[in-house]
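1. Build me a model:
(one chain, ligands or ions: 2)
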Amino acid sequence: MIIVMKPNAKKESIDRIKNLIEFRGLDAHISAGKQVTIIGVVGDKTRLQDQNLEIFEDVDRIVSVTESYKLANRKFHPEPSIVKVGNVSIGGDSLVIMSGPCAVESRDQLLATAHAIKKAGAQILRGGAYKPRTSPYAFQGLEEEGLKYMKEAREETGLPVICEVTSLNAIEAAVKYVDMLQIGARNMQNFYLLKEAGKSGLPVLLKRGLAATIDEWLNASEYILSEGNPNVVLCERGIRTFETATRNTLDISAVPVIKEKSHLPIIIDPSHATGVRAYVKPLARGAVAVGADGLMIETHPNPSIALSDGPQSLTFEQFEELVNEIRPFAALCGKKI
Ligand code: PEP
Ligand code: MN
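-> Ligands and ions are numbered 1, 2, ... in the order given. The predicted structure is shown next:
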């Protein structure tokens, strides 16, 4: 349920309602817009059954929220959220590009990549230190050693860094070295991990599960938000369909759907969506056109010897070309790189 206050409602009126909600054992989430304040109620609303909140001073109307996700819901928070990662804002008027290798393989590989993507215009460095590979025999990541290189790359370039976490141990290690946690597609419904990421204090990039509906994805984000962490960014990375020409099928419609249903920023990862280097640039253009707040793109100094996801990784030259090519598209859509 949400309580929509009248334009320019008095602070005392808002506080009176907030106090009543909390007194009844529910949570009140205040979203103060430029003119209108909204109070979102989370919890068992039958506890407010005997209260006609509509007669309270400065209340405009009560709207029930039928969706199971509340804090992620646009009805709770009509203004789009802006998530800060270091000095970078995701969800505003910038198109934020995260780039880097699928896996951190060595110090040299990561530092070379960090410098190259920064020069090309990327704002955040990505790199996997814990790799959730389909095969248990495939390279599983450098773990804490990889995180140390991420931190060093941040110190050298000033770029904030993001790394995927796959367990509580990984979260405990990552918070010492990185600026943003990534929850990968395979862990989107690992509710224990989501809660721990919520408690970490770091912003979280939540990738869409391989076969997750948008509703399930937003409920997954609710697990992070409900731990008191408002800094969640969604990432569409393709879903499983019958099509085999690409690794996954990029659900480009997820962007306008999420924008309607939620206030959370959403970025697109055309690398994992396609699995094919040649398709990354056209889909990056599509992502910008449809209103994504950013892109995640895999790059590698030499994709032919990459330990993971080489076929979809761009060389530094290809990445620079991509950024230069999408710059005017971004400007057309009101976003700057
Ligand atoms: C990744 O970003 O390297 C990754 C494993 O992505 P996803 O979880 O989307 O497969
Ligand atoms: Mn990858």
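
2. mind checking pLDDT for Arg133?
-> pLDDT recorded at Arg133 is 87.

3. what about it, which helix or strand?
-> For Arg133, there is no helix or strand it lies in under DSSP states H and E.

4. Would you mind confirming that it makes contact with Glu164?
-> No: applying C-beta atoms under 8 Å as the test, Arg133 and Glu164 come out as separate, 11.6 Å apart. C-betas here are computed from N, CA, C, even on glycine.

5. more crowded one of the two?
-> Glu164 (26 against 15; other C-beta atoms under 10 Å).

6. beta partners of the residue lying closest to the more buried one once chain neighbours are set aside?
-> Once flanking residues are discounted, Glu164 sits nearest to Gln182: 4.1 Å by C-beta to C-beta, 6 or more residues apart in numbering. Going by DSSP bridges, Gln182 is paired in beta bridges with Glu164, Leu205.

7. Determine the number of other residues adjacent to Gln182.
-> Neighbours of Gln182 using other C-beta under 10 Å come to 25.

8. Check the gap between Arg186 and ligand 1 for me.
-> Per C-beta to the nearest ligand atom, to the nearest Å, Arg186 is found 6 Å from ligand 1.

9. Got the confidence number for that residue?
-> 97.

10. Who are the contact partners of whichever residue of the chain sits closest to ligand 1?
-> With C-beta to the nearest ligand atom, the shortest gap between the chain and ligand 1 falls at Gly184, namely 2.9 Å. By C-beta atoms under 8 Å, 6 or more residues apart in numbering, Gly184 lies in contact with Pro132, Glu164, Thr166, Lys207.

11. Using CSV, lay out those together with distance to ligand 1.
-> What follows is the contacts of Gly184, written out as CSV (distance: C-beta to the nearest ligand atom, whole Å):
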residue, distance to ligand 1
Pro132, 6
Glu164, 6
Thr166, 10
Lys207, 4
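
12. Please list which of the residues you listed also come close to ligand 2.
-> Applying C-beta under 5 Å from the ion, the subset of these adjacent to ligand 2 is empty.

13. Lowest pLDDT pick from those?
-> Pro132 (85).

14. Quick check: that one touching Ser167?
-> No: in terms of C-beta under 8 Å, Pro132 does not count as a neighbour of Ser167; the distance is 9.9 Å.
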